[in-house]
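J.: what follows is a predicted structure for the sequence shown.
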Amino acid sequence: MIEELKERLSKLLQQELPGEYAHSMMMPMVRGNNLKKPRGEFPPIKSAVLILFYPDEYGHIKFPLIQRPEYNGAHSSQISLPGGKKELQDINLAHTALREAKEEIGIDPSQVEVIGNLSDIFIWVSNYIVTPIIGLTRNKPDFEKDEQEVDTIIETDLFDLIDPSKRKEGTILARGKYKIKTPYFHIEDRIVWGATAMMLSELSVIVGKAKIF
């Protein structure tokens with residue numbers, strides 16, 4: 001199934017992406033015009049995350065999400081994709097995503113085939129502009145988390161993104177003190193919301209078009 005996924009997604013990722021339309025379906029109510037506007041006079045920081053597909057022992061297609069540790073910051077305990085900001089040594093954003101995935105969860109970049117990317121998304125609270133990079137590997141990775149950056153690695157089934165029962169809406173407590181009404185994915189008994197959910201929403205639209213399931 002991983003080869004079929006590669007063939008179909010590669011073609012769809014070269015076409016016009018659903019971007020803003022798909023993002024809006026999982027956008028927190030507070031974002032509004034912050035979806036696209038950089039913060040103040042500073043240019044947004046380029047960054048990338050990796051959506052890495054791999055087959056598990058049962059032949060299901062999965063990809064890793066991570067839960068950040070609890071800390072005094074904007075993304076404390078949030079569910080996200082492995083990734084981070086572009087460094088000077090990174091030749092492109094795919095390199096950024098692979099490097100960060102290696103640092104955070106032990107992914108071997110040499111085993112990953114990059115097949116495309118999703119639309120950029122602006123993260124207002126941190127002034128990051130994030131490019132989701134799509135890659136795949138033919139074997140399940142030997143995950144090894146960075147204890148400082150990752151609390152838990154969540155092996156997520158791709159099918160969950162197109163399962164309507166996984167999409168919900170409610171009020172969440174952000175940073176332990178701000179109540180925000182938002183749609184979210186309920187995956188592995190965890191709430192996946194915000195920018196990560198918006199990226200996964202775009203992915204779900206494309207996967208739906210690919211008719212893998």
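T.: Thanks, I have the structure now.
J.: the strands in this protein, which residues?
T.: 45-55, 61-67, 79-80, 83-85, 113-117, 121-123, 128-136, 152-157, 167-174, 178-187, 190-192 (DSSP state E).
J.: which other residues reach the fifth one?
T.: This points to strand 113-117. Under the contact criterion C-beta atoms under 8 Å, 6 or more residues apart in numbering, strand 113-117 has outside partners 6, 9-10, 13-14, 93-94, 98, 131-137. C-beta coordinates here come from the backbone N, C-alpha and C atoms, glycine included.
J.: and it, which residues are buried?
T.: Neighbour counts over strand 113-117 (16 or more other C-beta atoms under 10 Å) mark V114, I115, G116, N117 as buried.
J.: tabulate the residues you listed in a markdown table, adding columns for distance to S201 and pLDDT.
T.: Shown next, in a markdown table, are those (distance: C-beta to C-beta, whole Å; pLDDT from 0 to 100):
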| residue | distance to S201 | pLDDT |
| --- | --- | --- |
| V114 | 21 | 98 |
| I115 | 19 | 98 |
| G116 | 17 | 98 |
| N117 | 15 | 98 |
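J.: what residue is smack in the middle of the chain?
T.: Nearest residue to the geometric centre of the chain (C-alpha atoms, centre = their mean): L81, 4.1 Å.
J.: can you tell me the closest non-neighbouring residue to that residue?
T.: Spatial nearest neighbour of L81, chain neighbours left out: V49 (3.8 Å); criterion: C-beta to C-beta, 6 or more residues apart in numbering.
J.: for this structure, what helix or strand is lowest in average pLDDT?
T.: Scoring the helices and strands of the chain by mean pLDDT, DSSP states H and E places strand 167-174 at the bottom, with a mean of 89.
J.: report the buried members of the contacts of strand 113-117.
T.: Buried, going by 16+ other C-beta under 10 Å: K6, L9, L93, A94, L98, T131, P132, I133, I134, G135, L136, T137, out of the contacts of strand 113-117.
J.: list the contacts of the fourth one.
T.: When the contact criterion is C-beta under 8 Å, 6+ apart, the partners of A94 are A48, V114, N117, I133, G135.
J.: cutoff 6 Å now
T.: V114, I133 (C-beta atoms under 6 Å, 6 or more residues apart in numbering).
J.: how confident is the prediction for it, by pLDDT?
T.: Reading off the confidence values, A94 has pLDDT 98.
J.: distance-wise, check it relative to I45.
T.: Separation of A94 from I45 (C-beta to C-beta, to the nearest Å): 17 Å.
J.: is it true that L136 touches P55?
T.: No. Here L136 lies out of contact with P55, judged by C-beta atoms under 6 Å, at a distance of 9.1 Å.
J.: remind me, longest helix of the protein?
T.: The longest helix of the chain (DSSP state H) is helix 194-210.
J.: where in this structure is pLDDT low?
T.: For the chain, the stretches with pLDDT under 70 are 30-41, 71-76, 175-176.
J.: switch to 90 and redo it
T.: Along the chain, the model assigns pLDDT under 90 to residues 1, 29-43, 59, 68-78, 123-127, 172-180, 211-213.
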